[in-house]
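K.L.:
Okay, structure incoming, though there's no sequence with it:
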């Protein structure tokens, strides 16, 4: 799987746009074959589920999700929604791309080429130039899949000790309707939505951390699946070599 940035992006012009709000959506960021190749691999992943509890984040892998009975699924959803009424909450399918990549004695997967590309000199240099954040060294990542009813409530991405500099979403969703939800939305100090990015295929959303934002709930009638690779560009050292 050969992956490439689309030619012709003017990084200096994009930086001027980025500076206005410390965020930007860059459409057609990759060549079309590159984006289609990554999507094809995402569609083959074994998807788990992630949500929050009073005891911390719960991440179920695909085998654990498959073993849930219908009654257990309904109980889990009821608990997720109850907590969401008053506290931070999220619900979506995920694959731990970053963790799987650095797993000891891992089996190689084609989707790892996408993670390596995000950490390639071409991509990291491009992101540094667009954002003006020269301390960026590498990126972590997870694959995410939002279906009808999934959401991610308001948060800032600030996390002590994680050395996050900029958050990113590589959107890999084709034909997403304008009324289907799943928008990455940013809030002003009056809690109004100041800007929102539709999950456009082959678009890179990137913003400086911290920032008030959320992913709006995917509409219950949405027929599609919102695929993406998400994570943070960071200024610390990665846990091991990437792409070697």
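P.N.:
Yep, it's here. Since we're looking at a predicted model, the values are computed, not measured. Numbering: from 1, shown residues only.

K.L.:
Residue 5: neighbouring residues, count only.
P.N.:
19 (other CB atoms under 10 Å). In this view, the C-beta of every residue, glycine as well, is placed from N, C-alpha and C.

K.L.:
My guess is it contacts residue 28. True?
P.N.:
No: the pair residue 5 / residue 28 is not scored as a contact, 9.9 Å apart, by CB atoms under 8 Å.

K.L.:
longest helix in this protein, by residue count?
P.N.:
helix 70-84 (DSSP state H).

K.L.:
contacts for that helix?
P.N.:
The contact list for helix 70-84, computed with CB atoms under 8 Å, 6 or more residues apart in numbering, reads 51, 52, 53, 54, 68, 89, 91, 149, 151, 153.

K.L.:
ranking those residues by neighbours, who comes first?
P.N.:
residue 91 (22 neighbours).

K.L.:
what are the bridge partners for that one, then?
P.N.:
Beta-bridge partners recorded for residue 91 (DSSP bridges): residue 51, residue 151.

K.L.:
Pull the contacting residues for the nearest residue to residue 112 once chain neighbours are set aside.
P.N.:
Once flanking residues are discounted, residue 112 sits nearest to residue 101: 5.6 Å by CB to CB, 6 or more residues apart in numbering. Going by CB under 8 Å, 6+ apart, residue 101 touches 112, 115, 242.

K.L.:
Just the closest of these to residue 157, please.
P.N.:
Closest approach to residue 157 among these (CB to CB): residue 115, at 19.4 Å.

K.L.:
and whichever strand or helix holds the closest one, how far out from the chain's middle?
P.N.:
Assigned by DSSP states H and E, residue 115 belongs to helix 112-118. Here helix 112-118 is found 14 Å from its chain centre; the criterion is CA atoms, centre = their mean, to the nearest Å.

K.L.:
Check which helices and strands that helix sits against.
P.N.:
Judged by 3 or more CB pairs under 8 Å, 6 or more residues apart in numbering; DSSP states H and E, helix 112-118 is in contact with helix 32-42, helix 97-101, strand 226-234.

K.L.:
now those as JSON lines including mean pLDDT and distance to residue 205?
P.N.:
Below are the helices and strands packed on helix 112-118 laid out as JSON lines (pLDDT from 0 to 100; distance: least, CB to CB, whole Å):
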{"stretch": "helix 32-42", "mean pLDDT": "98", "distance to residue 205": "14"}
{"stretch": "helix 97-101", "mean pLDDT": "97", "distance to residue 205": "17"}
{"stretch": "strand 226-234", "mean pLDDT": "98", "distance to residue 205": "9"}
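
K.L.:
looking at those, which is buried most?
P.N.:
Neighbour counts (mean count of other CB atoms under 10 Å) averaged over each of the helices and strands packed on helix 112-118 peak at strand 226-234, with a mean of 23.
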